[in-house]
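In: need coordinates for the following:
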Amino acid sequence: MSFLWKYIMASHGSLPFCAMLPLLLCIFSSMAAIASGNFYQDFDITWGDGRGKILNNGDLLTLSLDKASGSGFQSKNEYMFGKIDMQLKLVPGNSAGTVTAYYLSSKGSTWDEIDFEFLGNLSGDPYILHTNVFSQGKGNREQQFYLWFDPTADFHTYSILWNPQRIIFSVDGTPIREFKNLESNGVPFPKNQPMRIYSSLWNADDWATRGGLVKTDWTQAPFTASYRNFNADACVWSNGASSCTSNSPSTSNTWLSQELDTTSQERLQWVQKNYMIYNYCTDNKRFPQGLPPECSIS
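Out: Sure thing, here's the model as predicted:
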C-alpha cells in the first residue's frame, strides 16, 4: 500500500431544504433523522486506549490521534447490501500525515472493501478524498477528489450505496463515483461477503501527504475527527442469513435496485470534471499491459 500511495501522490498529489417539500415529507424526514442510529447501540470502539469516545448520550463519536496511538471503531452489525450514511467533521488545521478512514470491509484473504479515506494536509491546503473498491482481495481501483467545501468546518454526509448492481459513493447527496457490477465481463464485484463498517484515525506520514514529504507535526496533537447522524438502511447479516427477505415490503428496500437518474448522472459528471485529481482508469503508466477491463465499459 505504501508503494502505491507514494506513486500516486508523487505523480498527482501536487495538486432550508424542507421548505421545498410537502409538509408531510418534511415531517417524515425529521422523524427519520430522529430515528438515526445511536453510537452506543451500533458501534464498538475497538482500539486506541481511550482515544475513541462516545459522547452526548450516544449522538456523537470522536476519534483522536497523538504520537502514541490513533483510534478506531467498528459496527456491531454486519451488512449484506445497504445505504450507509455518516456525517463526519475532519481534523482541522494542520492535519498533514494523518488519515481518517471510513469504510466497509469483510474479513479474510479474499476480502471485499469499499473505501472512503481522507488524507490530511497543511493548513490552507485541501483535503484529498480517496476512494477504492476491493473484491476478492483485489483493489487497485483508486479515484481521488478534492472537495468543494472545507470538510473541517462542519459536518458533511458521506454515503455508500451498495446493492447487487452497483456501488455509489456520495457526498452530501451528490454522487462522486459509481462502480458497476460487470461480472459478466470478468470483473469481480463485492456481493457474496457481508461487511462491517469501520473507521480509524491514524498516522501515515510515510506516504499520506505529498508521498511522505510532509510529516506529522505532533505539536498540533491531539488530532480529532468527529462523527454523528449514522444511518444504515441496510440488510443486516446474522447467523448466515439476511434480514432482507422476499417477504420484506418493497417500499422499504428501494435502494436495492436504485440507480443514478439523469440529474444524478449530471452531478456525477460535474464532480468528476471539476474535482477529480486521480483516476486509475486513465493511468496508462501504471497499467502498461492495458487498463483494467471495467475502464473501457460504459
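In: from here on, contacts and neighbour counts on C-alpha atoms
Out: Fine.
In: for the strand or helix carrying Cys235, which residues meet the burial criterion?
Out: Under the criterion of DSSP states H and E, Cys235 resides in strand 223-238. Buried positions in strand 223-238, judged by neighbour count with 16 or more other C-alpha atoms under 10 Å: 223-237.
In: helices or strands next to that strand in the packing?
Out: Under the contact criterion of 3 or more C-alpha pairs under 8 Å, 6 or more residues apart in numbering; DSSP states H and E, strand 223-238 touches strand 60-65, strand 78-89.
In: quick check: next helix or strand after it?
Out: For strand 223-238, the succeeding helix or strand toward the C-terminus, using DSSP H and E, is strand 241-242.
In: one step back: and of the buried residues of strand 223-238, the nearest to Met276?
Out: Distance to Met276 across these (C-alpha to C-alpha) is lowest for Ala225, with 23.5 Å.
In: ok so, going back, from the buried residues of strand 223-238, which is closest to Gln193?
Out: Trp237 (9.6 Å).
In: in a markdown table: the helices and strands packed on strand 223-238, plus distance to Asp112 and mean neighbour count.
Out: As requested, those are arranged in a markdown table below (distance: least, C-alpha to C-alpha, whole Å; neighbours: other C-alpha atoms under 10 Å):
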| stretch | distance to Asp112 | mean neighbour count |
| --- | --- | --- |
| strand 60-65 | 24 | 23 |
| strand 78-89 | 11 | 22 |
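In: can you put these in JSON lines and add distance to Phe134?
Out: As requested, those are exported to JSON lines (distance: least, C-alpha to C-alpha, whole Å):
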{"stretch": "strand 60-65", "distance to Phe134": "25"}
{"stretch": "strand 78-89", "distance to Phe134": "15"}
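In: dump the ones you listed to TSV, plus distance to Pro151 and mean pLDDT.
Out: Shown next, in TSV, are those (distance: least, C-alpha to C-alpha, whole Å; pLDDT from 0 to 100):
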stretch	distance to Pro151	mean pLDDT
strand 60-65	15	98
strand 78-89	6	97
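In: is it true that Asp233 touches Lys83?
Out: Yes. Counting by C-alpha atoms under 8 Å, Asp233 touches Lys83, with 5.2 Å between them.
In: now do the shared contacts for these two.
Out: Both Asp233 and Lys83 lack any common contact, where contact means C-alpha atoms under 8 Å, 6 or more residues apart in numbering.
In: thinking again about what came up before, of the helices and strands packed on strand 223-238, which approaches Gly173 most closely?
Out: strand 78-89 (9.8 Å).
In: gap between that closest one and the chain center?
Out: Its chain's C-alpha centre and that of strand 78-89 lie 8 Å apart, by C-alpha atoms, centre = their mean, to the nearest Å.
In: beta partners for the residue nearest the centre of the chain?
Out: Centrality entry for the chain: nearest residue to the mean C-alpha point is Phe116, 2.9 Å, by C-alpha atoms, centre = their mean. Under DSSP bridges, the beta-bridge partners of Phe116 are Tyr102, Thr131.
In: repeat that for Tyr79.
Out: Beta-bridge partners, per DSSP bridges, of Tyr79: Met195, Val236.
In: surely it touches Tyr198?
Out: No. Contact criterion C-alpha under 8 Å: Tyr79 and Tyr198 do not qualify, at 12.0 Å.
In: quick one: low-confidence parts of the protein?
Out: Residues of the chain that meet the criterion pLDDT under 70 lie in 1-37, 208, 246-252, 298.
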